[in-house]
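J.: Here is my input; please provide its structure:
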Amino acid sequence: MVDARPHPSLAPSGHDDAGWMALLVTLIVALGFQFADPFQILLRGVAGPALFILILGAAAAFYRQRRSDGNIVSMCVGLQQMTLFSAIGAILSYMVAARGGPYWDARIAGWDQALGLDWRAYLRWMDRHAFLGGPLKFAYATIIPQMALLIIVLGLANRLAALRTAILAAMIAGLAVILLSGAMPAVAAYAHFGLRPADYPHLQPAAALIHMNDLAALRAGTLHVLSLDRMEGIITFPSYHAALATVFGWGFLKAPQLWIRATGTGLALLTLAATPIDGGHYFSDVLAGCAIACASLLIARRAIHLRLLPGTRGKMPASLPA
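T.: Model (predicted):
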């Protein structure tokens, strides 16, 4: 008799249900904050992401119903989910920051010291090695292109379980980071230590102090109009950049080609190295972001196999284990 069971080296590709549920939870949390203290959200900032999501939805529908290409459908859905989460998460991060208590910078800097990590010494060392400034800044600034590239690479390689795991883990980690940032708000290292990017001319950090005006206005209660095209990353602890770099590095390791694995994980490691400099993050921010990402990956690897929504969208091809 022929054994019809799937080969043990293959695993189900998972489903998108848990990703949509993570988005729903994030939206419900944001609506709760909006109900308690309303913000005006300008439509001009929503139009671009909304159009992109609609285009992706149309492409997914076409390749689901006309061409029956599950890989392209998964890529489109992954991009949809991350675009939606980025928009909702950015708004939620501002709402959470508006309710923050006393800053935790002194405590977080103390954690670095207890671990034997000297942020200012790291900054000085990086500034003396000017050739590192460009690659670090590039890695930090390309976190969104890294996400898109990962989705395309895993989708085309039929690593759909890994693709869904990475997307879900990124959203779980994002929600955890946003909520923790409200409980432990901080202004980041440059502001806390009274430093200016100009003091370190070879580094030119991308996001050292650009969040300070919005953060101060939120806490003073003078910023109540939000536009997605003008919002900054205002989270210090934990670092979402570090969490995403960890998730994306894990995802690139699932690519079949060695050169893609090496390039993708190398870029993720550069992003982690750049996060204290270009993001002004304490080392504790980075470590906490990495830990949250690892926990999120463990949860996501199981959660992608849940069926939470009624109906089916067609059977996707199997992929290698995530």
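
J.: Quick one: residues in contact with the host helix or strand of Leu123.
T.: Using DSSP states H and E, Leu123 sits in helix 119-128. Contact with helix 119-128 is made by 109, 112, 132-133, 136, 189, 193, 195, 200-203, 276-277, 282-283, as judged by C-beta atoms under 8 Å, 6 or more residues apart in numbering. Where you see a C-beta, it was placed from the backbone N, CA and C, and this is true even at glycine.

J.: Just the buried residues of stretch 201-208, please?
T.: Of the residues in stretch 201-208, 203, 205-208 count as buried by neighbour count, 16 or more other C-beta atoms under 10 Å.

J.: what do you get for stretch 175-187?
T.: Of all the residues in stretch 175-187, those buried under the rule 16+ other C-beta under 10 Å are 175-178, 180-182, 184-187.

J.: And the residues you listed, which is closest to Leu163?
T.: Leu175 (19.5 Å; C-beta to C-beta).

J.: Taking the centroid of this structure, which residue is nearest it?
T.: Leu244 (4.2 Å; C-alpha atoms, centre = their mean).

J.: Show me where the stretch 1-150 of the chain has its strands.
T.: Here the stretch 1-150 of the chain has its strands, by DSSP state E, counting those that start in this stretch, at 40-41.

J.: returning to that earlier point: any idea how far the helix holding Leu123 is from the middle of the chain?
T.: Mean-position distance between helix 119-128 and its chain equals 26 Å (C-alpha atoms, centre = their mean, to the nearest Å).

J.: same check, this time on stretch 240-252
T.: From the chain centre to the centre of stretch 240-252 is a distance of 8 Å (C-alpha atoms, centre = their mean).

J.: pLDDT (mean, whole number) over it?
T.: Per-residue pLDDT over stretch 240-252 has a mean of 98.

J.: CA atoms only for it - export them in CSV, please.
T.: C-alpha atoms of stretch 240-252 as CSV (Å, rounded to 0.1, in the frame of the first residue of the first chain):
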residue,chain,number,x,y,z
TYR,A,240,11.5,47.8,17.1
HIS,A,241,14.3,48.1,14.7
ALA,A,242,16.2,45.5,16.6
ALA,A,243,13.1,43.3,16.8
LEU,A,244,12.5,43.5,13.0
ALA,A,245,16.2,42.9,12.2
THR,A,246,16.1,39.8,14.3
VAL,A,247,12.9,38.5,12.6
PHE,A,248,14.2,39.4,9.2
GLY,A,249,17.6,37.7,9.9
TRP,A,250,15.8,34.6,10.9
GLY,A,251,13.6,34.8,7.7
PHE,A,252,16.6,35.2,5.4
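
J.: now the helices: where do they sit in the chain?
T.: Assigned by DSSP state H, the helices in the chain fall at 17-36, 43-65, 70-97, 105-114, 119-128, 133-141, 143-156, 160-183, 189-193, 212-220, 240-252, 258-278, 283-303.

J.: Let me have these in CSV, extended by distance to Ile234.
T.: Putting the helices of the chain into CSV (distance: least, C-beta to C-beta, whole Å) gives the following:
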stretch, distance to Ile234
helix 17-36, 15
helix 43-65, 16
helix 70-97, 5
helix 105-114, 14
helix 119-128, 19
helix 133-141, 16
helix 143-156, 16
helix 160-183, 8
helix 189-193, 12
helix 212-220, 5
helix 240-252, 10
helix 258-278, 15
helix 283-303, 13
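
J.: so which of these comes closest to Leu226?
T.: Comparison of these against Leu226 by C-beta to C-beta identifies helix 70-97 as nearest, at 5.8 Å.

J.: got the angle between that closest one and helix 43-65?
T.: Orientation of helix 70-97 against helix 43-65 (axes from the mean of the first three to the mean of the last three C-alpha atoms, to 10 degrees) gives an angle of 160 degrees.

J.: For the remainder of this discussion, apply numbering that starts at 23.
T.: New numbering, starting at 23: the last item is helix 92-119.

J.: Check which helices and strands helix 92-119 is in contact with.
T.: helix 39-58, helix 65-87, helix 165-178, helix 182-205, helix 234-242 (3 or more C-beta pairs under 8 Å, 6 or more residues apart in numbering; DSSP states H and E).

J.: Now do the buried residues in the second one.
T.: The reference is to helix 65-87. Buried residues in helix 65-87, counted by 16+ other C-beta under 10 Å: 67-68, 71, 75, 78, 81-82, 85-86.

J.: nearest to Leu291, of the contacts of helix 141-150?
T.: Checking these against Leu291 with C-beta to C-beta, the nearest one is Leu158 at 10.8 Å.

J.: so what's that closest one closest to, chain neighbours aside?
T.: Once flanking residues are discounted, Leu158 sits nearest to Ala296: 3.8 Å by C-beta to C-beta, 6 or more residues apart in numbering.

J.: Do I have it right that that neighbour meets Gly155?
T.: No. When contacts are counted by C-beta atoms under 8 Å, Ala296 is not listed as touching Gly155 (9.3 Å).

J.: neighbour-wise, which of the two wins?
T.: Taking neighbours as other C-beta atoms under 10 Å, Ala296 and Gly155 compare with Ala296 leading, 27 against 20.

J.: Kindly provide the distance from the more buried one to Thr268.
T.: Per C-beta to C-beta, to the nearest Å, Ala296 is found 14 Å from Thr268.
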